[in-house]
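Asker: After the sequence you'll find the predicted model.
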Amino acid sequence: MLSTAMVAGHRRLLALGFCVLTVGAVLTPSGAGAQDAWPSKPVRLILPFPPGGGTDILGRLIAAQLSTGLGQPVVAENRGGAGGNVGAEAAAKSAPDGYTMVLVAPSLAISPSLYSKLNYDPVKDFAPISLVATVPNVMITHPSVPAATLAEFIALAKTKPGGMNFGSGGSGTSNHLAGELFNIVAGVKLVHVPYKGVNLAMNDVLSGQIQFVVIGVPAAAPHIKAGRLRALALVAPRRAPALPDVPTVAEAGLPNFEVTTWYGILAPAGTPRPIVTRLNAEIVRIMHAPEMTKRLASMATDPVTSTPEEFAAYIQREIGKWAQVIRQAGLKAD
């Protein structure tokens with residue numbers, strides 16, 4: 001039999017153990033509790049191009065809707081430069097805590113083949129969340145250029161090899177690659193002029209400083225409708241409701257030429273899976289909500305979402321596709 005002193009000591013040990021367990025439970029919350037605590041402060045959505053372009057327009061729409069869904073402000077932050085690489089690098093090097101995301105475009109898949117050195121890895125340094133949308137591009141020029149159609153523009157460019165320019169959002173952007181492919185397919189020689197954002201290139205088309213840009217329909221459509229820009233052709237398999245009178249490149253006499261801009265959201269690698277899952281669900285809900293699809297339709301933008309795994313596989317395919325194009329064109333940015 002246990003003595004009275006031994007029983008009392010045993011009870012004291014049990015009480016001490018209960019206190020330790022209680023303190024441990026407070027300091028180490030359950031997985032559900034930790035997940036519920038996020039987000040507890042504003043979330044940053046990096047837009048790796050300057051204000052006014054397609055990335056900026058779409059990103060701010062998504063940020064506004066995410067703010068409502070998450071119950072915390074989602075702040076859109078423009079970090080333009082180096083064809084989207086400045087913003088992508090900033091996101092890749094951010095803490096993987098669910099408070100930083102980045103809205104990426106095809107430049108993410110183009111840069112690995114175009115640049116000999118990148119300060120981030122587009123595959124290893126990110127946790128894919130979802131594709132969000134695709135946007136058809138349109139070829140634009142200034143109304144003063146003596147070419148009313150794409151065929152006339154090509155004919156004019158052939159008379160001035162090296163004497164006409166095309167702008168882009170920077171080396172490695174889809175606008176850049178589209179211009180280089182146009183040179184190859186059309187048999188012309190437009191000189192590449194890189195900008196820190198394709199909207200800046202469009203501004204120089206508006207002022208007549210450069211002659212040609214391939215840009216997303218949302219940014220260009222208002223200027224085309226106002227007569228400040230001339231649309232030569234839509235770089236898409238079918239016409240866009242936002243520009244119903246603009247022919248596709250195939251209709252304009254240039255088949256087998258298509259560059260569709262896609263957008264997707266990434267988080268830094270190591271972001272907890274419950275946060276990635278929550279963000280994916282919010283984005284899928286937002287992009288397919290009736291009010292959003294209606295707004296996107298007016299911008300010739302199609303909502304396209306995916307699972308994180310599907311987006312990861314898509315990025316890998318895009319890297320392979322653009323690597324082949326870059327080799328064919330003999331391009332290098334540095």
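Answerer: Arrived safely, thanks for sending.

Asker: what packs against the helix or strand harbouring Asn183?
Answerer: Secondary structure assignment for Asn183, by DSSP states H and E: helix 174-186. In terms of contacts (3 or more CB pairs under 8 Å, 6 or more residues apart in numbering; DSSP states H and E), helix 174-186 is packed against helix 107-114, strand 137-141, strand 165-168, strand 191-194, strand 212-216, helix 308-329. In short, each C-beta sits where N, CA and C put it, glycine included.

Asker: Other residues contacting that helix?
Answerer: Contact partners of helix 174-186, identified using CB atoms under 8 Å, 6 or more residues apart in numbering, comprise 83, 105-107, 110, 137, 139, 154, 157, 166-170, 188-190, 192, 194, 198, 201, 212-215, 235, 254, 256-257, 259, 261, 322, 325-326, 328-329, 331.

Asker: Next: stretch 247-254.
Answerer: 139, 149-151, 154, 185-186, 232-239, 255, 257-258.

Asker: Next, the buried residues of that stretch.
Answerer: Pro247, Thr248, Val249, Ala250, Ala252, Leu254 (16 or more other CB atoms under 10 Å).

Asker: okay, the angle between the helix holding Asn183 and strand 137-141?
Answerer: With axes from the mean of the first three to the mean of the last three CA atoms, to 10 degrees defining the directions, helix 174-186 sits at 70 degrees from strand 137-141.

Asker: where does this structure have low pLDDT?
Answerer: For the chain, the stretches with pLDDT under 70 are 1-36, 334.

Asker: For it, which segments count as helices?
Answerer: Ranges of helices within the chain are 4-27, 31-36, 54-70, 85-92, 107-114, 150-158, 174-186, 198-206, 217-225, 273-287, 290-298, 308-329, based on DSSP state H.

Asker: want to throw the ones you listed into a markdown table with distance to Asp125?
Answerer: Formatted as a markdown table, these follow (distance: least, CB to CB, whole Å):
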| stretch | distance to Asp125 |
| --- | --- |
| helix 4-27 | 31 |
| helix 31-36 | 24 |
| helix 54-70 | 19 |
| helix 85-92 | 4 |
| helix 107-114 | 11 |
| helix 150-158 | 39 |
| helix 174-186 | 21 |
| helix 198-206 | 24 |
| helix 217-225 | 28 |
| helix 273-287 | 15 |
| helix 290-298 | 29 |
| helix 308-329 | 12 |
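
Asker: quick one, which of these is nearest to Ile265?
Answerer: Closest to Ile265 of the helices of the chain is helix 273-287 (CB to CB; 6.3 Å).

Asker: what comes into contact with the closest one?
Answerer: By CB under 8 Å, 6+ apart, the residues outside helix 273-287 that reach it are 31, 35, 38, 62, 65-66, 69-70, 98, 101, 127, 129-130, 132-133, 265, 267, 292-293, 296, 303-305, 307-308.
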